[in-house]
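Chemist: This is the structure alone, sequence omitted:
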């Protein structure tokens with residue numbers, strides 16, 4: 001098969017690594033890719049939102065499968081664009097069309113979808129700049145803390161948890177009037193704060209059948225002990241000990257099945273991944289949000305646990321043959337630690353030379369590139385906020401964490417930063 005993979009992050013590096021292991025992979029191109037993805041396929045300098053460029057490349061290279069990693073091209077309608085042309089309408093695509101991608105592209109749409117299909121979620125209300133005063137009045141009726149969410153895409157940073165009414169009022173005004181998150185916060189969803197432990201559940205669906213992939217727990221905040229501002233993700237652990245069979249059965253019956261059935265009922269032809277952000281509230285699942293792609297960095301923790309052919313899973317998802325696919329999960333435990341540029345998630349510098357990417361003292365860790373590129377003198381330099389995802393493997397979560405940090409200790413660049421406590425809360429749960 002000839003595959004074109006869209007994206008340039010750690011998720012896409014993990015996809016490329018896993019796709020390349022399939023005997024069915026003949027040629028793999030990554031657009032635009034990063035310094036790490038070039039080890040598994042050929043990077044091509046096409047932007048993720050360059051629909052014409054993607055279409056031309058698919059035709060010139062007889063692409064058999066188009067795999068869309070990030071959310072933005074999905075929300076902007078890449079699938080629909082490809083379907084409109086007779087030349088590309090037959091190319092199988094992993095990733096929903098614009099109507100399905102609204103589950104992530106609009107928090108308001110996704111909350112309405114959950115309410116319509118009886119999917120457990122926090123109560124909410126949506127406001128615009130025209131209804132700002134109503135929003136401020138609504139805030140005063142809520143219990144603290146209060147959750148504010150930018151309606152549109154904000155690179156994982158559009159969620160604020162406010163601990164005082166003054167902070168909530170200022171933040172709401174900042175988002176709606178001051179356009180704190182630009183276009184994304186022209187509408188803001190105010191939600192009840194959910195108490196519990198978060199986890200991420202991943203589902204591949206072809207619109208009819210589905211497969212539940214290994215779950216993960218991610219770490220969003222920049223600082224140890226979950227302090228500081230939200231990021232795109234600082235690490236992940238898989239499996240999640242509290243996601244036992246009883247809990248996952250509830251997730252399947254109360255969340256996964258109603259979601260798939262709801263999409264069908266609403267005539268949304270959904271072929272791709274569903275990332276379901278959940279809160280475990282004393283054993284009861286409650287949906288925080290949907291994403292319409294695999295998570296990042298969770299993908300780096302999840303994919304090493306899949307033993308079956310990942311390319312076959314992707315192909316079955318795109319071609320509506322998922323019912324015949326046998327998903328096999330390894331008992332391996334994984335821990336991913338994200339190494340970021342100093343200053344991230346605020347201002348940071350690029351172009352720092354990375355050392356230590358060669359031979360490692362541990363065979364039980366995988367280095368996934370994210371914000372990296374090759375310099376003209378063939379060195380690998382930083383090229384983003386989240387630079388690398390280091391995934392440790394082990395028979396126990398403890399060993400996986402140990403292996404991840406052993407590899408992290410070998411890699412250096414100026415002002416590199418990472419959390420030192422990934423997975424420690426999971427270890428405490430087991431005590």
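Modeler: Looks like it arrived, so ask away. Computed from a predicted model, the values in this text were never measured in an experiment. Residues are numbered from 1 along each chain as shown.
Chemist: Give me the nearest residue to residue 152, chain neighbours excluded.
Modeler: residue 184 (3.5 Å; Cβ to Cβ, 6 or more residues apart in numbering). Glycine gets a C-beta too; all of them are placed from N, C-alpha and C.
Chemist: And for residue 330?
Modeler: Computed as Cβ to Cβ, 6+ apart, the closest residue to residue 330 that is not its neighbour in sequence is residue 307, at 4.7 Å.
Chemist: Residue 326 is in contact with the one you found, correct?
Modeler: No. Using Cβ atoms under 8 Å, residue 307 is not in contact with residue 326; the gap is 10.1 Å.
Chemist: who has more neighbours, the two?
Modeler: residue 307 (12 against 9; other Cβ atoms under 10 Å).
Chemist: one step back: shouldn't the residue nearest to residue 152 be within a strand?
Modeler: No. According to DSSP: H, G, I helix; E, B strand; the rest coil, residue 184 belongs to no strand; its state is helix.
Chemist: Need the pLDDT of it.
Modeler: The model reports residue 184 with a pLDDT of 90.
Chemist: give the contact list for it.
Modeler: By Cβ atoms under 8 Å, 6 or more residues apart in numbering, the contact list for residue 184 reads 150, 151, 152, 153, 154, 158.
Chemist: I'd like the residues you listed written out as CSV, with distance to residue 93, secondary structure and pLDDT added.
Modeler: Formatted as CSV, the contacts of residue 184 follow (distance: Cβ to Cβ, whole Å; DSSP: H, G, I helix; E, B strand; the rest coil; pLDDT from 0 to 100):
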residue, distance to residue 93, secondary structure, pLDDT
150, 27, strand, 93
151, 26, coil, 92
152, 23, coil, 90
153, 20, coil, 88
154, 25, coil, 82
158, 26, coil, 85
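Chemist: Any chance of the residues you listed in a markdown table with distance to residue 48 as columns?
Modeler: Formatted as a markdown table, those follow (distance: Cβ to Cβ, whole Å):
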| residue | distance to residue 48 |
| --- | --- |
| 150 | 20 |
| 151 | 21 |
| 152 | 17 |
| 153 | 12 |
| 154 | 17 |
| 158 | 19 |
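Chemist: Would you mind checking these for buried ones?
Modeler: Buried by 16 or more other Cβ atoms under 10 Å: 150, 151, 152, 153, 154, 158, out of those.
Chemist: how about the third one, what does it touch?
Modeler: Shown here is residue 152, whose contacts under the criterion Cβ under 8 Å, 6+ apart are 105, 106, 107, 158, 181, 183, 184, 185, 186, 187.
Chemist: Not counting sequence-adjacent ones, nearest residue to the second one?
Modeler: Distance criterion Cβ to Cβ, 6+ apart; nearest residue to residue 106, sequence neighbours excluded, is residue 151 at 5.5 Å.
Chemist: surely residue 325 meets residue 316?
Modeler: Yes. Counting by Cβ under 8 Å, residue 325 touches residue 316, with 4.4 Å between them.
Chemist: Among those two, which residue is more densely surrounded?
Modeler: residue 316 (23 against 18).
Chemist: chain center to the helix or strand the more buried one falls within, what's the gap?
Modeler: Element membership of residue 316 [criterion: DSSP states H and E] is helix 310-318. Relative to its chain's centre, helix 310-318 lies at 18 Å (Cα atoms, centre = their mean, to the nearest Å).
Chemist: cool, and stretch 27-46?
Modeler: On Cα atoms, centre = their mean, the centre of stretch 27-46 falls 19 Å from that of its chain.
Chemist: Other residues contacting it?
Modeler: Contacts to stretch 27-46, defined as Cβ under 8 Å, 6+ apart, come from residues 1-9, 12-13, 16-17, 19-20, 47-48, 53-54, 57, 61, 367-374, 380, 383.
Chemist: tell me which residues of that stretch are tucked away?
Modeler: Those would be 28-38, 40-41, 43, 46, for stretch 27-46 by 16+ other Cβ under 10 Å.
Chemist: What about those, which are in helices?
Modeler: Per DSSP state H, helices hold no members of those.
Chemist: what about the helices in the stretch 1-150 of the chain?
Modeler: In the stretch 1-150 of the chain, the helices defined using DSSP state H, counting those that start in this stretch lie at 10-19, 51-60, 72-75, 78-84, 98-105, 107-116, 132-140.
Chemist: Most tightly packed of those?
Modeler: helix 10-19 (a mean of 28; mean count of other Cβ atoms under 10 Å).
Chemist: could you say what helices and strands that one packs with?
Modeler: When contacts are defined as 3 or more Cβ pairs under 8 Å, 6 or more residues apart in numbering; DSSP states H and E, helix 10-19 sits against strand 2-7, strand 27-32, helix 298-302, helix 310-318, strand 365-369, strand 386-394.
Chemist: Redo these as TSV? Include distance to residue 348 and mean pLDDT.
Modeler: Listed next are the helices and strands packed on helix 10-19 as TSV, based on distance: least, Cβ to Cβ, whole Å; pLDDT from 0 to 100:
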stretch	distance to residue 348	mean pLDDT
strand 2-7	21	98
strand 27-32	20	98
helix 298-302	21	98
helix 310-318	32	98
strand 365-369	17	97
strand 386-394	10	98
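Chemist: looking at these, which is buried most?
Modeler: helix 298-302 (a mean of 31).
Chemist: Counting neighbours, what do you get for the nearest residue to residue 224 once chain neighbours are set aside?
Modeler: In space, and not counting its chain neighbours, residue 224 is closest to residue 421: 4.6 Å by Cβ to Cβ, 6+ apart. If you count neighbours by other Cβ under 10 Å, residue 421 ends up with 16.
Chemist: picking that back up, can you list the helices of the stretch 1-150 of the chain in a markdown table and add mean pLDDT?
Modeler: Listed next are these as a markdown table, based on pLDDT from 0 to 100:
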| stretch | mean pLDDT |
| --- | --- |
| helix 10-19 | 98 |
| helix 51-60 | 98 |
| helix 72-75 | 96 |
| helix 78-84 | 97 |
| helix 98-105 | 96 |
| helix 107-116 | 96 |
| helix 132-140 | 93 |
